[in-house]
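Visitor: could you look at this predicted model? Sequence included:
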Amino acid sequence: MRIRNYRPADLQTLYKIDQVCFPPGIAYPKSELMRFITERNSRTWVAESGDDIIGFLIASLEAEDTAHIVTIDVVASSRRKGVGKALMGAAEDWAREQRATVLYLETAEGNIAAQRFYRARGYLKVEKVVGYYSNGAAAWVMAKRLHDDS
Ligand SMILES: CC(C)(COP(=O)(O)OP(=O)(O)OC[C@H]1O[C@@H](n2cnc3c(N)ncnc32)[C@H](O)[C@@H]1OP(=O)(O)O)[C@@H](O)C(=O)NCCC(=O)NCCS
């Protein structure tokens with residue numbers, strides 16, 4: 001498995017992965033995914049195994065010291081093998097290089113696996129946002145201070 005930078009030819013595959021990773025109302029329309037990826041202050045990493053894309057992560061720098069994980073998706077057959085950890089490591093290294101001190105994200109209230117994944121990386125729940133997703137689901141905002149660890 002290796003992590004590389006996003007290339008425009010990846011978009012359709014990333015869109016398909018996002019559609020199966022998330023339920024309707026949480027998965028992004030292709031236009032929105034494209035917008036997040038091409039935003040000026042964003043970066044996207046892709047995880048590959050052989051010729052197959054098995055995961056990706058989009059992050060953006062939002063303010064002087066704050067970075068945001070827009071989404072992280074790992075295909076079901078490649079989970080619990082460290083792919084998500086490697087993608088988060090790339091995003092956290094980048095955020096530190098950008099001099100961000102806080103990295104935050106939103107995750108659906110019912111997405112216990114993701115909450116455990118983030119908790120294992122040192123992210124803490126800071127706020128619950130009712131009706132955050134277009135399907136009505138609430139989100140937990142989780143955040144990590146980047147200078148607290150390596
Ligand atoms: C959440 C997600 C990105 C995790 O990716 P992953 O590649 O499976 O994660 P890793 O293998 O790097 O896991 C690292 C650690 O996180 C924790 N973790 C990951 N998945 C977990 C789960 N389902 N249940 C409990 N803990 C979990 C564990 O501590 C794990 O270490 P371990 O396997 O040695 O016990 C992946 O499950 C996914 O894409 N889910 C669907 C999309 C999604 O929910 N994205 C996040 C929403 S904001």
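Guide: Received, thanks.
Visitor: when you work out contacts or count neighbours from here on, use the C-alpha atoms and nothing else.
Guide: Will do.
Visitor: which strands border the longest strand anywhere in the chain, and is each parallel or antiparallel?
Guide: In the chain, with assignment by DSSP state E, the single longest strand is strand 52-63. Sheet neighbours of strand 52-63, with direction, are listed as strand 42-49 (antiparallel), strand 66-74 (antiparallel) (DSSP bridges).
Visitor: ok, is that strand in contact with the ligand or not?
Guide: No - judged by C-alpha under 6 Å from any ligand atom, strand 52-63 stays clear of the ligand, getting no closer than 7.2 Å.
Visitor: what's in contact with that strand?
Guide: 13-14, 17, 36-37, 41-48, 67-75, 78, 83-84, 87-88, 91, 95, 98, 100 (C-alpha atoms under 8 Å, 6 or more residues apart in numbering).
Visitor: rerun at 7 Å
Guide: Contacts to strand 52-63, defined as C-alpha atoms under 7 Å, 6 or more residues apart in numbering, come from residues 37, 41-48, 67-75, 78, 87, 91.
Visitor: intersect those with the contacts of the ligand.
Guide: Thr71, Ile72, Asp73, Val74.
Visitor: how long is stretch 73-93 end to end?
Guide: With C-alpha to C-alpha, to the nearest Å as the measure, stretch 73-93 spans 18 Å from end to end.
Visitor: what does the helix ranked longest in the chain contact?
Guide: Longest helix in the chain, counting residues (DSSP state H): helix 83-97. Residues lying outside helix 83-97 but in contact with it, judged by C-alpha under 7 Å, 6+ apart, are Trp45, Phe56, Leu57, Ala59, Ala67, Val74, Leu146.
Visitor: now the second one, nearest residue through space, not along the chain?
Guide: Excluding its sequence neighbours, the residue lying closest to Phe56 (C-alpha to C-alpha, 6 or more residues apart in numbering) is Val46, at 4.3 Å.
Visitor: the one you found touches Arg7, doesn't it?
Guide: No - checked against C-alpha atoms under 7 Å, the pair Val46 and Arg7 is beyond contact range at 8.7 Å.
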